[in-house]
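Engineer: After the sequence you'll find the predicted model.
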Amino acid sequence: MAKENPSLNRGEAEKGAASKAARGPGRRLHGAIAHKLGTAILSGQYQPGDTLSGEVAFAEELEVSRSAYREAVQVLTAKGLVESRPKAGTRVLPRTRWNLLDPDVLAWAFAGEPDIQFVRDLFELRAIVEPAAARLAALRRDKDDLKLMKDALAAMRRHTLATEAGRAADRDFHNAILNATRNDALLTLTASIGAAVNWTTQFKQRARALPRNPIPDHVRVYDAIAAGDPVAAAEAMGVLVDLALEDTASAMQR
């Protein structure tokens, strides 16, 4: 039986580690480029119909490889922001083609100063979806769902919404309600609703602390769902979303 070669094994391990390290920074690099371009598009620096700088020029401007730039464009293409055609270059698509509910796109929208109409659009979506979800959750939730909501509320109190941990708990609370609906179509909105909740809450605190404590609003939603009262759950969630919009609009006017 042949003996293992320790130096060969070490060499293979080192090469494997180097390969993983190379892939990691590569992913981070094209993600950073996608963030830069996506933010520029969402902020209006690039308008629909505009053509982005050529691959070579852009790669040189950012001092990155052409392959990293191409991978970033592929990310934007998958999210409906741009399309690339041979000889025609990479063109920004009409806003109606953008996947505005993609969590990355939402992050890019809030990286700068978001458009007030877009913020209102997000809250209108939440006002349509979340009260209905709370109504269904009140009818269909089980003890595990209630535990997830209760644990999320406890984490929100412990960390406050001024922290990333508190905002993560806020997302968990809203996600638990969507999950409790047992509706697969609604569940596809989980990441989008969670991202909208996170970025609007974070945005409200850019210039000042939250104008009021929104956790009691969440407690009222939980109490109604726990009591199995669909009407009260929908009403409480509707109030929660309306007040969140008022807080956000106030922050944007400062």
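Structural biologist: Everything's here; your move. Numbering: from 1, shown residues only.

Engineer: quick one: low-confidence ranges for the stretch 101-250 of the chain?
Structural biologist: Across the stretch 101-250 of the chain, the ranges flagged by pLDDT under 70 are 207.

Engineer: Show me the helices in it, by range?
Structural biologist: For the stretch 101-250 of the chain, helices defined by DSSP state H, counting those that start in this stretch occupy the ranges 103-111, 116-140, 143-159, 164-180, 184-187, 190-204, 215-226, 230-252.

Engineer: neighbouring contacts of the fourth one?
Structural biologist: Think helix 164-180. 130, 133-134, 136-137, 140-142, 145, 148-149, 151-153, 155-156, 158-161, 186-187, 189-190, 193-194, 197-198, 201-202, 218, 221-222, 225, 237 (Cβ atoms under 8 Å, 6 or more residues apart in numbering). All C-beta atoms are positioned from the backbone trio N, CA, C, and that covers glycine.

Engineer: if you set the cut-off to 7 Å instead, what comes out?
Structural biologist: With Cβ atoms under 7 Å, 6 or more residues apart in numbering as the contact definition, helix 164-180 has outside contacts at 133-134, 137, 140-141, 145, 148-149, 152-153, 155-156, 159-161, 186-187, 189-190, 193-194, 197-198, 201-202, 218.

Engineer: Ok, the longest one next?
Structural biologist: Helix 116-140 is contacted by residues 109, 177-178, 180-183, 186, 189, 193, 196, 200, 221, 224-225, 228-230, 233-234, 237-238, 241, 245, 248, 252 when judged by Cβ under 7 Å, 6+ apart.

Engineer: Just the buried subset of these, written out for PyMOL, thanks.
Structural biologist: The buried residues among the contacts of helix 116-140 can be selected in PyMOL (16 or more other Cβ atoms under 10 Å) with this line:
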select buried, resi 109+177+178+180+181+183+186+189+193+196+200+221+224+225+229+230+233+234+237+238+241+245+248+252
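
Engineer: Can you get me a residue count around the residue lying closest to residue 182 once chain neighbours are set aside?
Structural biologist: The spatial neighbour of residue 182 that comes closest, neighbours along the chain excluded (Cβ to Cβ, 6 or more residues apart in numbering), is residue 140 at 5.0 Å. By the measure other Cβ atoms under 10 Å, the count of residues near residue 140 is 16.

Engineer: With residue 35 instead?
Structural biologist: Residues near residue 35, counting by other Cβ under 10 Å: 16.

Engineer: before we move on, what SS does it have?
Structural biologist: helix (DSSP: H, G, I helix; E, B strand; the rest coil).

Engineer: ok, now how distant is residue 123 from residue 249?
Structural biologist: Note on residue 123: its distance to residue 249, by Cβ to Cβ, to the nearest Å, is 9 Å.
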